[in-house]
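*Asks:* model this:
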Amino acid sequence: MPGSSTGGSCPGDEPAFAVGGVADNGFVSDVRHVLVLPDRDAAEEVAEALGERFGVSEEPQLVRDALAGEDDAEDAQWLVVLRDEAGRLDPAELDEFVGEWDGWREEP
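*Replies:* Alright, predicted model coming up:
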């Protein structure tokens, strides 16, 4: 009957993401920092220095980012992608750090 209750909630009454009252991935964060560098050498130096300066244990991912319409490797920027699930890295500090190599931290 509409509006009647059997003393419990219907399975369809809970949000689709809830499992046992807890949201899926409730404690998982996918925070990533993307540092943009002018060349591969700078990107490799930054990746190495991250561990020394910030105590980063996981190796960052290096990605070549060719500029639109450019085939020449000299015209490519390099990205250093750094995972930070704990959210312990300060974006402003990372931006200042990567600036030492003429790079910057890309805003999400």
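
*Asks:* ok, the longest strand along the chain: who's next to it in the sheet?
*Replies:* In the chain, assigned by DSSP state E, the strand with the most residues is strand 76-83. Here strand 76-83 has these sheet partners by DSSP bridges: strand 32-37 (antiparallel), strand 61-66 (antiparallel).

*Asks:* give me the contact list for the last one.
*Replies:* Contacts made with strand 61-66 from outside it, assessed by Cβ atoms under 8 Å, 6 or more residues apart in numbering, are listed as 36, 40, 43-44, 47, 73, 75-82. In this view, the C-beta of every residue, glycine as well, is placed from N, C-alpha and C.

*Asks:* show me the shaky parts of this protein.
*Replies:* Applying pLDDT under 70 to the chain flags the ranges 1-30, 67-75.

*Asks:* make it 90
*Replies:* Scanning the chain for pLDDT under 90 picks out 1-31, 56-58, 65-76, 85-87, 107-108.

*Asks:* quick one: the strands in it, in order.
*Replies:* 18-19, 22-23, 32-37, 61-66, 76-83, 104-106.

*Asks:* Pro91: which of the ones you listed is closest?
*Replies:* Among the strands of the chain, the nearest to Pro91 by Cβ to Cβ is strand 104-106 (6.0 Å).

*Asks:* so what are the sheet partners of the closest one and their directions?
*Replies:* Sheet partners by DSSP bridges: for strand 104-106, these are strand 32-37 (antiparallel).

*Asks:* now the partner strand: buried residues?
*Replies:* 33-37 (16 or more other Cβ atoms under 10 Å).

*Asks:* contacts for the lengthiest helix in the chain, please.
*Replies:* Determined from DSSP state H, the single longest helix within the chain is helix 40-54. Surrounding helix 40-54, the residues in contact under the criterion Cβ under 8 Å, 6+ apart are 35, 37, 56-57, 59-60, 62, 64, 76, 78-80, 82, 89, 93-94, 97-98, 101-103.

*Asks:* and it, C-alpha only, in PDB?
*Replies:* Taking C-alpha atoms only, helix 40-54 is exported to PDB below (Å, rounded to 0.1, in the frame of the first residue of the first chain):
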ATOM      1  CA  ARG A  40      62.400  16.100 -20.200                       C
ATOM      2  CA  ASP A  41      65.500  16.900 -18.200                       C
ATOM      3  CA  ALA A  42      63.700  19.300 -16.000                       C
ATOM      4  CA  ALA A  43      60.900  16.800 -15.500                       C
ATOM      5  CA  GLU A  44      63.300  14.000 -14.500                       C
ATOM      6  CA  GLU A  45      65.100  16.300 -12.100                       C
ATOM      7  CA  VAL A  46      61.900  17.400 -10.500                       C
ATOM      8  CA  ALA A  47      60.700  13.800 -10.100                       C
ATOM      9  CA  GLU A  48      63.900  12.900  -8.300                       C
ATOM     10  CA  ALA A  49      63.900  16.000  -6.200                       C
ATOM     11  CA  LEU A  50      60.300  15.400  -5.000                       C
ATOM     12  CA  GLY A  51      61.500  12.500  -2.800                       C
ATOM     13  CA  GLU A  52      64.200  14.600  -1.300                       C
ATOM     14  CA  ARG A  53      62.200  17.700  -0.700                       C
ATOM     15  CA  PHE A  54      58.800  16.400   0.200                       C
END
